[in-house]
Structures are given as C-alpha cells and as structure tokens.
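Asker: Here you go, sequence then predicted model.
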Amino acid sequence: MINYLRWQANFLQLLLDDRRFVEYNNTKKPLVSKFNFIEAETPQQHMDSNDGGVWVAKRMQLSYMWDGYLDKVDEKTRMSLALELVMGKHNRKAEQVGEMATSIWDKIIYWAVSTEKRKRKKREDKETSHSPSISF
C-alpha cells in the first residue's frame, strides 16, 4: 500500500511541476514526493463477512461527526443502522412503523403476561388437587 501511495505522490508531483497548475510564477510548489506516508491502522471486516454494506452505510451515517469512528460491525451496529433507516426523519412512514411496532409489542407483552397467568393458575390448581384430603 505504501508503494502505491508513493507512486501516486510522484504522479501528483509531476502534475504540480507543470506551471499551468499555479497562478503566479513565484508560487512555491509543495514537494509531494517528500511526504512521509504512514499506513493507517483501520478496522477491517472479516473475510467471510457480508457486512460491507453495513460498513459503508454506518460510515456515511457517522461522516458528519469528527468522532464518527466505526471499529467493528456487530449486532448493535446492525440494529442501530436498521433503526436509523426505518425510523429516521427521511422516512415518511416512520410514524406508521412506530405505531405498528408498538401494537405488535403490546400484543407480545399481553401474550407473555396471559401465558404466565395461565401457567401460574395451572401450578396453583395442581397444588390444590394434590393436597391431602381426610375422609371418615
């Protein structure tokens, strides 16, 4: 990678050496070929991953912030991106999606609570049916 950057720097140097790139003859030209290149350590996706689109989308999402740094793609990253895409201001149906999600959530909670009540009642019925009875 460093060799490629040096090649690009030399190419830029050739372009900048052309006087047509400067307005005045006394303009001092930068010596691009003298720049010290350091290959950045950047996080990479795993070889067998299909997260390329997630990397690009999150980078675009975070690009307006100075600290918009993405060091890995995990379930949290995927979920936050999905929520941003679905519930973001750009989505004209975000309010409808929110209402539907709330409705489904309410049904799930109602089902979980009623299931727990049925299980508790079964346990209570079992306990009362096994209590010893005294007969004469």
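Answerer: Structure received.
Asker: list the buried ones in the strand or helix carrying L81?
Answerer: Per DSSP states H and E: L81 is located in helix 75-87. For helix 75-87, burial by neighbour count (16 or more other C-beta atoms under 10 Å) applies to 77, 81. In short, each C-beta sits where N, CA and C put it, glycine included.
Asker: same question, stretch 5-20
Answerer: With the criterion 16+ other C-beta under 10 Å, stretch 5-20 contains buried residues 9, 13.
Asker: ok now that stretch, how far from the chain's centre?
Answerer: Here the centre of stretch 5-20 is set off from its chain's centre by 37 Å, with C-alpha atoms, centre = their mean, to the nearest Å.
Asker: With stretch 3-22 instead?
Answerer: 37 Å.
Asker: one step back: check which helices and strands the helix holding L81 is in contact with.
Answerer: Under the contact criterion of 3 or more C-beta pairs under 8 Å, 6 or more residues apart in numbering; DSSP states H and E, helix 75-87 touches helix 52-62, helix 94-129.
Asker: Which one of these lies nearest to L81?
Answerer: With C-beta to C-beta as the criterion, L81 lies closest to helix 52-62 of those, at 5.6 Å.
Asker: That's all I had, so thanks and see you.
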